[in-house]
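Build me a structure from this.
(2 chains)
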2 protein chains.
Amino acid sequence: MSMTANKSAAKATATEESLHRIFTIPEAPDSTLGLIEQEMSQNLAGFLGDHIVAKDHLLTSIEKDFACSAIPEDPAYVSDHMHHLLEKLVAQSVHTSSPSFIGHMTSALPYFILPLSKLMVGLNQNLVKIETSKAFTPLERQVLGMMHRLVYQEDDTFYQRWMHSAKHSLGAFCSGGTVANITALWVARNNLLKADGNFKGVAQQGLFAALNHYQYNGLVILVSSRGHYSLKKSADILGIGRDSVIAIPTDEHNRIDCAKLREKCLELQQQNIAILSIVGVAGTTETGSVDLLEKMAHIAQEFSCHFHVDAAWGGATLLSNKHRSILKGVELADSVTIDAHKQMYVPMGAGLVVFKNPSLASSIEHHAEYILRKGSKDLGSHTLEGSRPGMAMLVYASLHIISRPGYELLINQSIDKANYYAQIIDQHEDFELITKPELCLLTYRYNPKQVQDYLERCNEKEQLAVNQLLDQLTKFIQKRQRENGKSFVSRTRIEVGKYQNRKTLVFRVVLANPLTTKAILNDILQEQAELAQESISFLPKLFEKSSQLI
Amino acid sequence: MSMTANKSAAKATATEESLHRIFTIPEAPDSTLGLIEQEMSQNLAGFLGDHIVAKDHLLTSIEKDFACSAIPEDPAYVSDHMHHLLEKLVAQSVHTSSPSFIGHMTSALPYFILPLSKLMVGLNQNLVKIETSKAFTPLERQVLGMMHRLVYQEDDTFYQRWMHSAKHSLGAFCSGGTVANITALWVARNNLLKADGNFKGVAQQGLFAALNHYQYNGLVILVSSRGHYSLKKSADILGIGRDSVIAIPTDEHNRIDCAKLREKCLELQQQNIAILSIVGVAGTTETGSVDLLEKMAHIAQEFSCHFHVDAAWGGATLLSNKHRSILKGVELADSVTIDAHKQMYVPMGAGLVVFKNPSLASSIEHHAEYILRKGSKDLGSHTLEGSRPGMAMLVYASLHIISRPGYELLINQSIDKANYYAQIIDQHEDFELITKPELCLLTYRYNPKQVQDYLERCNEKEQLAVNQLLDQLTKFIQKRQRENGKSFVSRTRIEVGKYQNRKTLVFRVVLANPLTTKAILNDILQEQAELAQESISFLPKLFEKSSQLI
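Next comes the predicted model:
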């Protein structure tokens, strides 16, 4: 096959020689591939801005470009294929690093990440075992040690003793927060239902035998109603069932209601239902709220159950000396999930879970003959995944190049920016702030002053009717803004206290991109106010309704 | 912080301005970073050869470079840190793409993979939902469609109907084979123990309620004794317990003994124990053997149970028209695992599972409010992982640039090479071929002719003593060869029929690297023969023993 830039007129065919070439000789530096690389290296933001089209196409129309199910019988020239990718894929991808796309949890990346990622891919290590990762294994263990220390703040002696110990692990690196949460709850389940007398443990004999042996009437996970959907997924996978994830109501700050949590624990104790884990959330996906972790830890201690903290989003806040107290009590958790691909500015997918007790993860230890032999330091013996890339290198490099104070600045900036945005929403009489930022997330909606006034005075039935109209307006504005392609906020549905906990549609923003400026935030709000005026279906109806009574 | 190449004499500190710079302005092209990138682009093999040191250092000595658990308080200059990484990490990593490292399942990568990976990282899409992946979602669905078609060979109408259907999925993309296997068995478990009458299904109510409802006396997974360790891991996670993975003995070709499999099924039926899945292996990790999938499929049909094929290694063989018949019957499987980061020459971590029936995966469907809304095409509703990178792009590009016939050449070459290696082992009187290659894996050991003769004549007790010495010799040669750093074969322990199924230590090689030549194979064998002579502990003892009786 002739897969280099030097095309002949003839159709490309695969030959042994051309195949050998694609594993050895790169294209000439002035080829499409070379130019793309250069453009990306010199100015990634410019490259993305140039190639991603702003206009939002319908998914069904994009699907037409990805409709062929047959694997090609003819090889494509590399240059041709690169053009194809730029035109059909890159053009229609999402500008996740755009400073005006403040609706999701991805952000711009530091420039050194691109060449480092290339190095990582070129080295192509497999972290499952030392044989295919060598120095990457101690590196990953060090990263886990650093993140463990960030959470638990043990002393040097502790880390000297455990960080590189074959039989222990301070945590598990993985592709993301969902796998981290599953791993933590898997560990918790296997410890709760461990070997005992003739019973060889749930890992060996399964849940049916385990519940029979321990004579529990059930097994549950307790988390606030703002808990991430991955917890239900975990409960499903782990064989406990989604119904066993019990949602505890939140207080007015979107934090778990600790009194209700304790009540539920007492009730479960009386019913002889075992608590697999209490899960605290540090940075809910919808509102960025942080549970009162210290209180929760004490309740977990009272009932002797595993305490897990899902800090996938908020964990990085610990890097800020100014704000780390928001997560006070996290150091009492048995396990903590943190995503590096969120507020640590590492690309997809880099998540991890750390364990307070270095022996905890032995409950999920696995061995095999050709790898993961007993006593080896192979990381694969304590992870859910098998083969894994060396993503830990990107976390390692970022921790060194950005450093703790650098991360602190980034975290502080994000929170300041969220407070600024909350302030301009508050000051604008036609917007309504729904949840204040605790970290850098907040929710709000467009709600003209006149309608806000009406909502305060009208009865519940009328309130419901107006809120339904406002939901439609929110959806309209959010969709239209996304389609315009200049900026993006996301939308979600959350219970709002002042509207009888009705699930209300709101805009949700995440202000973690260091390149997002105050000017951009002003523009986004302005655009939304203008889009609202374009709504001929909902806005006039709202004014009509709210005028009737005034 | 001053993280660019222009260092001042003063210590680096983090400032808002310097932080802004690392998210926007790359280093000058003549910087360390730029030079590394250039070197890698022009000649990856040369770069790796230059920077990875051949000598094998003790892990404990490498650990000293990764011993600090504190997150740095001072930012490092990018150039300094790159030098640090080259010296401490890259130098001590594993040359997984070296043509003489034939002991693991990684290989050289096509040159276009590096710039493409950089593009993927720069785009930083998150495949969990369309909002953060857009065109990457239909692209991944197309890749799953192509791989589904490779396995099941349905017609165009089938793929037009299902490939982009919101409520269906032809498979799930993930980080690797382990997650793919867990996903397949999770799907199988949830379908077997589905909602029925008042019972809401295992996903909702868990395993205890499920087994009580269905009144089974247990739940098992059947696989040959050569099955991958991830199956036991799956059984543990899924709450079935590792003991429930029943290992069926293999025949003389390291394939599952189908008569014994059927016997076991009958026995389980009588005991009212449900079979969660029969698992066929297409390319065992240790010997590369492929079970008789068609026969297994018929047994699975007879007992109405899920049939999963773990083709993480061997699945790519389907790309070869010459050899695809080795996997005959795979098209009857309910689910099939294939790793793209193995014989499809994509970097870590890219695995997938395909489902024969597009509705099968609905048993693991999950929804949430802010993403994965019902009816959406978000991929995250059918995957174990949450946030995930756009690795599918690398599979897509490889399928187009290499094409089916290109892959066929690569697969055929690998198998030819394995046959060549088997042949020179056979011809060398001091080596003993243990398992013949079916795909491109084989196992063997150094065993001098005189000792081989002795083993045929001696009694069982003497045979055992000699085999124990040979094990030590194998270990000695393998370690010494690895330490020399020129080449690498791995070792494993497998049951060998002619030695009363004793678990015997053997060399294991995987001949998938397109750059491995016959000359390299000759050298590796030669080096092993020479290393054997250096063994003063085991070789003389072996000769002594075998001389006594002759």
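
quick one: the strands in the stretch 151-300 of chain A?
A:171-174, A:219-224, A:245-248, A:274-281 (DSSP state E, counting those that start in this stretch).

does the third one come close to chain B?
Yep, that's strand A:245-248 we're talking about. No - on the criterion C-beta under 8 Å from any C-beta of the partner chain, strand A:245-248 is out of touch with chain B, staying 10.5 Å away. No exception for glycine: its C-beta is placed from N, CA and C like everyone else's.

and that strand, what does it pack onto?
strand A:219-224, helix A:230-237, helix A:258-270 (3 or more C-beta pairs under 8 Å, 6 or more residues apart in numbering or on different chains; DSSP states H and E).

One more: the last one?
Applying 3+ C-beta pairs under 8 Å, 6+ apart, one finds that strand A:274-281 makes contact with helix A:177-192, strand A:219-224, helix A:258-270, helix A:293-302, strand A:307-310.

Could you point out which of the ones you listed sits nearest chain B?
Chain B sits nearest to helix A:177-192 of all the helices and strands packed on strand A:274-281, at 3.4 Å, using C-beta to the nearest C-beta.

Residue A:258 contacts residue A:294, doesn't it?
No - Residue A:258 is not in contact with residue A:294 according to C-beta atoms under 8 Å; the separation is 9.8 Å.

The two: which is more packed in?
residue A:258 (18 against 15; other C-beta atoms under 10 Å in any protein chain shown).

Distance of that one relative to residue A:265?
10 Å (C-beta to C-beta, to the nearest Å).

what do you get for residue A:63?
Relative to residue A:265, and taking C-beta to C-beta, residue A:63 is found at 49 Å.

Specify the residue ranges that define each domain of chain A.
What automatic domain parsing lists as the domains of chain A is A:5-93, A:127-405, A:413-549.

most tightly surrounded among these?
domain A:127-405 (a mean of 23; mean count of other C-beta atoms under 10 Å in any protein chain shown).

hmm, back to that, which residues are in contact with both of residue A:258 and residue A:265?
residue A:299 (C-beta atoms under 8 Å, 6 or more residues apart in numbering or on different chains).

Output the helices and strands packed on strand A:274-281 in TSV; the columns should cover mean pLDDT and distance to residue A:452.
Listed next are those as TSV, based on pLDDT from 0 to 100; distance: least, C-beta to C-beta, whole Å:
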stretch	mean pLDDT	distance to residue A:452
helix A:177-192	98	36
strand A:219-224	98	28
helix A:258-270	98	30
helix A:293-302	98	34
strand A:307-310	98	34
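
Same list, those, but as TSV with distance to chain B please.
As requested, those are exported to TSV (distance: least, C-beta to the nearest C-beta, whole Å):
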stretch	distance to chain B
helix A:177-192	3
strand A:219-224	7
helix A:258-270	15
helix A:293-302	21
strand A:307-310	11
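
so which of these comes closest to residue A:344?
Distance to residue A:344, taken as C-beta to C-beta, is lowest for helix A:177-192 among those, at 12.2 Å.

Between strand A:274-281 and the closest one, find me the angle.
Between helix A:177-192 and strand A:274-281, the angle comes out at 150 degrees (axes from the mean of the first three to the mean of the last three C-alpha atoms, to 10 degrees).

May I have helix A:177-192 as PDB, with CA atoms only?
Extracted in PDB, the C-alpha atoms of helix A:177-192 (Å, rounded to 0.1, in the frame of the first residue of the first chain):
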ATOM      1  CA  GLY A 177     -14.200   8.900  38.100                       C
ATOM      2  CA  THR A 178     -16.700   6.200  37.300                       C
ATOM      3  CA  VAL A 179     -14.100   3.400  37.400                       C
ATOM      4  CA  ALA A 180     -12.600   5.000  40.500                       C
ATOM      5  CA  ASN A 181     -16.000   5.000  42.300                       C
ATOM      6  CA  ILE A 182     -16.700   1.400  41.200                       C
ATOM      7  CA  THR A 183     -13.200   0.400  42.500                       C
ATOM      8  CA  ALA A 184     -13.800   2.100  45.900                       C
ATOM      9  CA  LEU A 185     -17.200   0.400  46.400                       C
ATOM     10  CA  TRP A 186     -15.800  -2.900  45.200                       C
ATOM     11  CA  VAL A 187     -13.100  -2.600  47.900                       C
ATOM     12  CA  ALA A 188     -15.700  -1.600  50.500                       C
ATOM     13  CA  ARG A 189     -18.000  -4.500  49.600                       C
ATOM     14  CA  ASN A 190     -15.200  -7.100  49.700                       C
ATOM     15  CA  ASN A 191     -14.000  -5.800  53.100                       C
ATOM     16  CA  LEU A 192     -17.500  -5.700  54.600                       C
END
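
Next, the angle helix B:230-237 makes with it.
Helix A:177-192 runs at 70 degrees relative to helix B:230-237, counting by the same axes, to 10 degrees.

mind checking how far helix A:177-192 is from the chain centre?
17 Å (C-alpha atoms, centre = their mean, to the nearest Å).

What's the nearest residue in chain A when you look at chain B?
For chain A, C-beta to the nearest C-beta, closest residue to chain B: residue A:239, 2.3 Å.

List the residues that contact that residue.
A:206, A:207, B:202, B:206, B:207, B:238, B:239, B:240.

Dump these to a markdown table, plus distance to residue A:12 and pLDDT.
Formatted as a markdown table, the contacts of residue A:239 follow (distance: C-beta to C-beta, whole Å; pLDDT from 0 to 100):
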| residue | distance to residue A:12 | pLDDT |
| --- | --- | --- |
| A:206 | 53 | 98 |
| A:207 | 55 | 97 |
| B:202 | 50 | 98 |
| B:206 | 54 | 98 |
| B:207 | 53 | 97 |
| B:238 | 46 | 98 |
| B:239 | 51 | 98 |
| B:240 | 49 | 97 |
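
from these, which is closest to residue A:342?
Nearest member of the contacts of residue A:239 to residue A:342, counting by C-beta to C-beta, is residue B:238, at 28.3 Å.

Wait, the closest one touches residue B:182, no?
Yes - contact criterion C-beta under 8 Å: residue B:238 and residue B:182 qualify, at 7.3 Å.

shared neighbours of these two, which are they?
Common contacts of residue B:238 and residue B:182, defined by C-beta under 8 Å, 6+ apart, comprise residue A:237.

list the contacts for the residue lying closest to residue A:285 once chain neighbours are set aside?
Setting aside the residues directly before and after it, residue A:285 is nearest to residue A:228 in space (C-beta to C-beta, 6 or more residues apart in numbering or on different chains), at 5.7 Å. Neighbouring residues of residue A:228 by C-beta under 8 Å, 6+ apart: A:177, A:181, A:281, A:284, A:285, A:310, A:312, B:368.

how close does residue A:253 get to residue B:345?
Relative to residue B:345, and taking C-beta to C-beta, residue A:253 is found at 51 Å.

Let me fix that, I meant to ask about residue A:484.
Distance from residue A:484 to residue B:345, by C-beta to C-beta: 41 Å.

ok, now residue A:471?
Residue A:471 is 49 Å from residue B:345, by C-beta to C-beta.

Does residue A:130 touch residue A:139 like I think?
No - Residue A:130 is beyond contact range of residue A:139, at 11.7 Å (criterion: C-beta under 8 Å).
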